[in-house]
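J.: need a 3D model of the sequence below.
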Amino acid sequence: MTDTKQCAECGAFLPAYWPKGLCAQCALDGALDLSYAGSQVHQAELQTMAPAEVTPPGSGPEGSPLGSFGDYELLEEIARGPMGVVYKARQRNLGRIVAVKMILAGPLAGNEFVQRFRTESAAAAILQHPNIVAIHEVGVHEGRHYFSMDYVEGQNLAQRVGQQPLSAAHAARYVQLIAAAIHCAHERGILHRDLKPSNVLIDANDQPRITDFGLARRLDGNSSLTLTGQVLGSPNFMPPEQAGGRRGKVGRPSDVYALGGILYYLLTARAPFQADSLEHTISQVLSAEPVSPRLLNPSIPRDLETITLKCLEKEPACRYQIAQELADELGRVQRQEPIQARPVNASEKLWRWCLRKPVLA
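T.: All right, here's what the predicted structure looks like:
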């Protein structure tokens, strides 16, 4: 008789490949309820730090196969960040190619990184959508946390753009699909909170696939946005309420803002806000207006500029309130139908500036 596994929290039956303990939903609830503790260095700052010393499991001399990791044969390293390393791998028992992400060993593998890693795997595991990278297995092997997911062979959106903006049609199509996927995540109660071009992969069928849910949180959760005075997320695409630490205002429109930032990037080949330091970038996010996309790329249709700038409004109430509204608007652009958004006129821009700068006003 086959030994069936059940969630220790809710009693739901677990898939055969799932590790013993909690189901994906209960694991997510537990991961997102835990407070981030201790000091944490901002993600953008960590990118400039030397990565921890990590030896791939079973690695040999240069040029030889990387070796084994549990049921996986590691074929090549495909990505590395401050928290983890990702390998292209072959899962032996199913004979398929997957991506395996494992937490880094060494001094950077502190409790906060384990927490973010658990959050990412648990959040993505409960989101089943063709435009979200699917999680296959979550576990711990030889003391190292890992999960396997779809292997997407292709570039991310940042690489796809490079120094050349995409056509309006391509940009609208990509963001429409991404927005619909994020709406699905929101309907499951998950905020991404770190949407940016490098976190969207483009597969062989030219479909965008969202990844990296390391900063995800529940829509009804109260997890912190700042730690020891530092901000979580990528400032170039971060909404003002997240950059300013206004926890109560972070919600669905916050991810809509980031989607607008991605659309801006695809149309102009630059982020809505960029500066020579983290502090200056956040200052721009909080108080400056983005340069009009059509000033940077005159070929952008006016309706697409209007949609982009509506997403990038400082006040969440002025944006599209749900990601599906943005997806619907982009669908109208592609069908050459009238959009519902209207450009902000000069007097309204002045009034909003006065509200943000009452002393100067």
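J.: C-alpha coordinates for stretch 202-214, PDB please?
T.: Output of stretch 202-214 as PDB, limited to C-alpha atoms (Å, rounded to 0.1, in the frame of the first residue of the first chain):
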ATOM      1  CA  ILE A 202      10.700  35.100 -22.600                       C
ATOM      2  CA  ASP A 203      10.300  31.500 -23.700                       C
ATOM      3  CA  ALA A 204      10.700  29.800 -27.100                       C
ATOM      4  CA  ASN A 205       7.100  30.600 -28.000                       C
ATOM      5  CA  ASP A 206       7.600  34.300 -27.300                       C
ATOM      6  CA  GLN A 207       5.500  34.100 -24.100                       C
ATOM      7  CA  PRO A 208       6.500  36.100 -21.000                       C
ATOM      8  CA  ARG A 209       7.000  34.100 -17.900                       C
ATOM      9  CA  ILE A 210       7.100  35.800 -14.500                       C
ATOM     10  CA  THR A 211       9.600  34.600 -11.900                       C
ATOM     11  CA  ASP A 212      11.200  35.600  -8.600                       C
ATOM     12  CA  PHE A 213       8.600  35.800  -5.900                       C
ATOM     13  CA  GLY A 214      11.200  36.400  -3.200                       C
END
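J.: what mean pLDDT does the top helix by length along the chain get?
T.: Scanning the chain for the helix with the most residues, using DSSP state H, yields helix 168-187. The pLDDT scores in helix 168-187 average 96.
J.: one more: stretch 275-285?
T.: For stretch 275-285, the mean pLDDT works out to 88.
J.: then stretch 253-265?
T.: The model assigns stretch 253-265 a mean pLDDT of 96.
J.: packing partners of the longest helix of the chain?
T.: Using 3 or more C-beta pairs under 8 Å, 6 or more residues apart in numbering; DSSP states H and E, the elements in contact with helix 168-187 are strand 200-202, strand 208-210, helix 252-268, helix 302-311, helix 323-334. No exception for glycine: its C-beta is placed from N, CA and C like everyone else's.
J.: now for the last one, which elements pack on it?
T.: Using 3+ C-beta pairs under 8 Å, 6+ apart as the contact test, the elements touching helix 323-334 are helix 168-187, helix 252-268, helix 302-311.
J.: just say which of those is most tucked in.
T.: Highest mean neighbour count among those (mean count of other C-beta atoms under 10 Å): helix 252-268, with a mean of 26.
J.: okay, the angle between that one and helix 168-187?
T.: Angle, helix 252-268 to helix 168-187, by axes from the mean of the first three to the mean of the last three C-alpha atoms, to 10 degrees: 160 degrees.
J.: hmm, back to that, would you convert the helices and strands packed on helix 168-187 into TSV that also reports distance to residue 148?
T.: Output for the helices and strands packed on helix 168-187, formatted as TSV (distance: least, C-beta to C-beta, whole Å):
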stretch	distance to residue 148
strand 200-202	15
strand 208-210	15
helix 252-268	26
helix 302-311	33
helix 323-334	27
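J.: might one say that residue 172 is in contact with residue 330?
T.: Yes - at 4.7 Å, residue 172 and residue 330 qualify as touching, with contact defined as C-beta atoms under 8 Å.
J.: end-to-end on stretch 285-293?
T.: 16 Å (C-alpha to C-alpha, to the nearest Å).
J.: show me what counts as buried in that stretch.
T.: The neighbour-count check on stretch 285-293 (16 or more other C-beta atoms under 10 Å) flags 285, 289, 290, 293 as buried.
J.: in helices only, show me those.
T.: Short answer: the buried residues of stretch 285-293 in helices (DSSP H) are 285, 293.
J.: could you single out the nearest of the buried residues of stretch 285-293 to residue 167?
T.: residue 293 (13.6 Å; C-beta to C-beta).
J.: contact partners for the closest one?
T.: 264, 267, 268, 300, 304, 305, 308, 309 (C-beta atoms under 8 Å, 6 or more residues apart in numbering).
J.: can we see that at 7 Å?
T.: 264, 267, 268, 300, 305, 308 (C-beta atoms under 7 Å, 6 or more residues apart in numbering).
J.: still on that earlier bit, what sits up against the longest helix of the chain?
T.: By C-beta under 7 Å, 6+ apart, helix 168-187 touches 127, 129, 131-132, 157, 192, 200, 207-208, 210, 219, 252, 255, 259, 262-263, 266-267, 300-301, 304, 322-324, 326-327, 330-331, 333-334.
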